[in-house]
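Asks: Here is the input, now give the coordinates:
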Amino acid sequence: MTTQAESLRVRRRLPEWLKVKRPGNSAYLETKSMLRALNLHTVCEEARCPNIGDCFGHRTATFMLMGEICTRGCKYCAVSKGRPRAIDSDEPEHLAEAVSKLGLKHVVLTSVDRDDLADGGAEHFANTAKAIKRTVPQVRIEALIPDFRGNRENLRAVLESPVDILNHNTETVPRLYPEVRGGGRYEWTLNILRWSKELRPELPTKSGLMLGLGEDRTELLLVFRDLRLAGCDVLTLGQYLQPTPKHREVSRILTPAEFDELKFLALEMGFAHAESGPLVRSSYHAWEYAI
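Replies: This is a model prediction of the structure:
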C-alpha cells in the first residue's frame, strides 16, 4: 500500500509539464469567497483540479450541481461518495446570480451522480440552465452531464432546456470501465452522445478522456472512432493524476509530444476540435474553443 509520504514523494517527482503554481491571487480569492457566500460547489475544488488557480483567477468555474456527495465511487475521482443531501431548490437562482456577478460569457454546469433521484437530476439541470438564461441571456451554457443510467427521456429534459453545448465524458476505454468506473457503462456514454445528435442535431457535442489509467494506443484510437460514429464534435484529452493514495495509481505519464500526436490523429478522424495536453480537463478553458 502506498503511504502518504510515498505519495508526496511521487508527486514531487512529476515532470515539469505537470507542475502548476499554488493558487492565491486576488481574483482567485474573490471568486472562492463569492461561491462560498452563495453556497455553491465547483468541480474545480471537489475533484482537486490542478487548474483551479488559473480558472478562478479568470473569474470562471465549472459549477457542480446538487451537492458535493456522489452516489458512485469511481476509482479515479476525488469527489466524496455517500448519501447525498436533498437538492437545494434555490441553487438555480443562486448560480444565476454568481454567473451575473462574475460576468461570465461561457458557463459549464456539471454535477455529481445522483442515482438516488428518479431522473438523475435532469430536471435540476434544466431548471438551472433556464434560470441562468433568464438572468444573463447572452451567456453560453455548456452542460457536462452524467450518464443518467442510459435513460433517453432524462437526457431529453436537459436538451429541451437552453443549453448550448452538450458534454459527456467517456473517461477511459471500455475494458477499464469495470475496474475504474463500475457504476457506468460504455454503451450509455455512446448513447448519450448519439441521442443528443438525434434530438438536437445542431447542438455541438463534446467528450473527454483521461490518459494513463492503463489503456493502450489501439484501444484509445478505437474509442476515438466510436465517438466520431456517435457524432461527437469536440474531444479533450488529459493526463490522469492520482488525487490521493486511496485512488487508482497512474499507469503511465505521457509526454507533451504524445498528446500532440493524439490531437493530430483525432483531427484526422474528423473531430471539429481536439484539445490535448497533460493538464487539459474537459472544461478547462472551454470558453476559448467552444464551437
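
Asks: quick one, helices of the stretch 51-200 of the chain?
Replies: With DSSP state H, counting those that start in this stretch applied, the stretch 51-200 of the chain shows helices at 52-57, 91-102, 122-135, 152-159, 177-180, 186-199, listed in chain order.

Asks: and of those, who's closest to S207?
Replies: Distances from S207 to each of the helices of the stretch 51-200 of the chain were compared by CB to CB, and the smallest falls on helix 186-199, at 6.3 Å. C-beta: built from backbone N, CA, C; applies to glycine.

Asks: Hey, what's the angle from the very next helix or strand once past the closest one to helix 186-199? Just curious.
Replies: As assigned by DSSP states H and E, the chain's next helix or strand after helix 186-199 is strand 205-211. Taking axes from the mean of the first three to the mean of the last three CA atoms, to 10 degrees, strand 205-211 and helix 186-199 form an angle of 160 degrees between their directions.

Asks: what packs against strand 205-211?
Replies: Helices and strands touching strand 205-211, as assessed by 3 or more CB pairs under 8 Å, 6 or more residues apart in numbering; DSSP states H and E, comprise strand 165-167, helix 186-199, helix 217-229, strand 234-239.

Asks: JSON lines please, covering these and showing mean neighbour count and distance to D88.
Replies: Listed next are the helices and strands packed on strand 205-211 as JSON lines, based on neighbours: other CB atoms under 10 Å; distance: least, CB to CB, whole Å:
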{"stretch": "strand 165-167", "mean neighbour count": "24", "distance to D88": "23"}
{"stretch": "helix 186-199", "mean neighbour count": "20", "distance to D88": "25"}
{"stretch": "helix 217-229", "mean neighbour count": "16", "distance to D88": "34"}
{"stretch": "strand 234-239", "mean neighbour count": "24", "distance to D88": "29"}
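
Asks: May I see those arranged in JSON lines, with distance to S276 as well?
Replies: As requested, the helices and strands packed on strand 205-211 are arranged in JSON lines below (distance: least, CB to CB, whole Å):
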{"stretch": "strand 165-167", "distance to S276": "16"}
{"stretch": "helix 186-199", "distance to S276": "19"}
{"stretch": "helix 217-229", "distance to S276": "11"}
{"stretch": "strand 234-239", "distance to S276": "4"}
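
Asks: Just put the helices of the stretch 51-200 of the chain in TSV and tack on mean pLDDT and distance to W17.
Replies: Converted to TSV, the helices of the stretch 51-200 of the chain look like this (pLDDT from 0 to 100; distance: least, CB to CB, whole Å):
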stretch	mean pLDDT	distance to W17
helix 52-57	61	15
helix 91-102	91	29
helix 122-135	98	34
helix 152-159	98	35
helix 177-180	95	24
helix 186-199	98	28
